[in-house]
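In: Dropping the sequence and predicted coords here.
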Amino acid sequence: DRVGNRAAAALFLGVVVAGQAMMTVGICMPVPWMLYAGRLLFGIGSESLIVAQSAIVAKWFKGRELAFALGVSLTTSRLGSIACFWVLPGVAEHVSVAAAFVVGLGVCAVTAAAPRAF
């Protein structure tokens, strides 16, 4: 907790975006090792980001509100995954697999930019 929750969340968001970018390049080129390395980065960043987000929520809420806020945070994350599973297969089928990865990269980039607005 040396850098703070906000800085840690920004760092981990950057790792997630970098991982998605590596996977996108790996699928477009194609370079298999970039796919593996990108997925590894994405996974490390996203799991660490969950911890940072939980710490931020814990600072904002107490008691019963904390349980509800953590539930909303987790539910929002899962709804994003469901949206991904619904949308991206259609993009891959009708356009290309590379286009689905580019859409994923765009979503990651917008998500990484969103905290800067607050």
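Out: Yes, it's here. Numbering: from 1, shown residues only.

In: Would you agree G43 is in contact with M22?
Out: No - counting by C-beta atoms under 8 Å, G43 stays clear of M22, with 11.9 Å between them. Every C-beta, even on glycine, is put in place using the N, C-alpha and C of the backbone.

In: Can you pick out the residue with more neighbours from the two?
Out: M22 (22 against 13; other C-beta atoms under 10 Å).

In: Tell me which residues of the host helix or strand of the more buried one come out buried.
Out: Here M22 sits within helix 5-28, counting by DSSP states H and E. In terms of neighbour count (16 or more other C-beta atoms under 10 Å), helix 5-28 has its buried residues at 5, 8-10, 12-13, 15-27.

In: what do you get for stretch 73-82?
Out: Buried, per 16+ other C-beta under 10 Å, within stretch 73-82: nothing.

In: what ranges do the helices span in the chain?
Out: All helices of the chain, identified by DSSP state H, fall at 5-28, 32-60, 63-94, 97-113.

In: Sketch out the low-pLDDT regions of this structure for me.
Out: Within the chain, the ranges that satisfy pLDDT under 70 run 1, 117-118.
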